[in-house]
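Trainee: only the shape, not the letters, is given here:
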């Protein structure tokens, strides 16, 4: 799986969570680069490139002490593809109508 598909899955999951009663606009995820990229040695360039890709989609990414990539999806400022924009609109309408959340 490539990194852009993974970021799309993170955004899709965050949109699905929006339709819940809590109506959360932000979700957090992590990627273990050693497993994800299939490498034992993780270079700073690899981490920097992954963070830059996250930022290109409006996602916030940092690295923890174990070199895991921590990704925060804030639906209020991330960049959606057309299907995600439609799903976001539907989830937002649903959480406002069913749960009364005014996000």
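Mentor: Cool, the structure landed. Keep in mind it's a predicted model, so treat the numbers as computed, not measured. Residues are numbered from 1 along each chain as shown.
Trainee: where do the helices of the protein begin and end?
Mentor: Secondary structure of the chain (DSSP state H): helices at 3-18, 33-36, 44-56, 82-98.
Trainee: which elements pack onto the longest one?
Mentor: Packing contacts for helix 82-98, counted by 3 or more C-beta pairs under 8 Å, 6 or more residues apart in numbering; DSSP states H and E, involve helix 3-18. Just so you know, the C-beta spots here come from the backbone N, C-alpha and C atoms, and that holds for glycine as well.
Trainee: helices or strands up against the helix it packs on?
Mentor: Packed on helix 3-18, when contacts are counted by 3+ C-beta pairs under 8 Å, 6+ apart, are strand 26-31, helix 44-56, strand 69-74, helix 82-98.
Trainee: in the second one, what counts as buried?
Mentor: Put plainly, it is helix 44-56. Within helix 44-56, the residues scored as buried using 16 or more other C-beta atoms under 10 Å are 47, 50, 51, 53, 54.
Trainee: for the third one, same thing?
Mentor: Neighbour counts using 16+ other C-beta under 10 Å place 69, 71, 72, 73 of strand 69-74 among the buried residues.
Trainee: list the contacts for the second one?
Mentor: To tie it back to what came earlier, the one meant is residue 71. Listed by C-beta atoms under 8 Å, 6 or more residues apart in numbering, the contact partners of residue 71 are 7, 10, 28, 29, 30, 31, 54, 59, 60, 61.
Trainee: residue 33 and residue 52, how far apart?
Mentor: Separation of residue 33 from residue 52 (C-beta to C-beta, to the nearest Å): 14 Å.
Trainee: tell me who's in contact with residue 40.
Mentor: residue 34 are the contacts of residue 40 under C-beta under 8 Å, 6+ apart.
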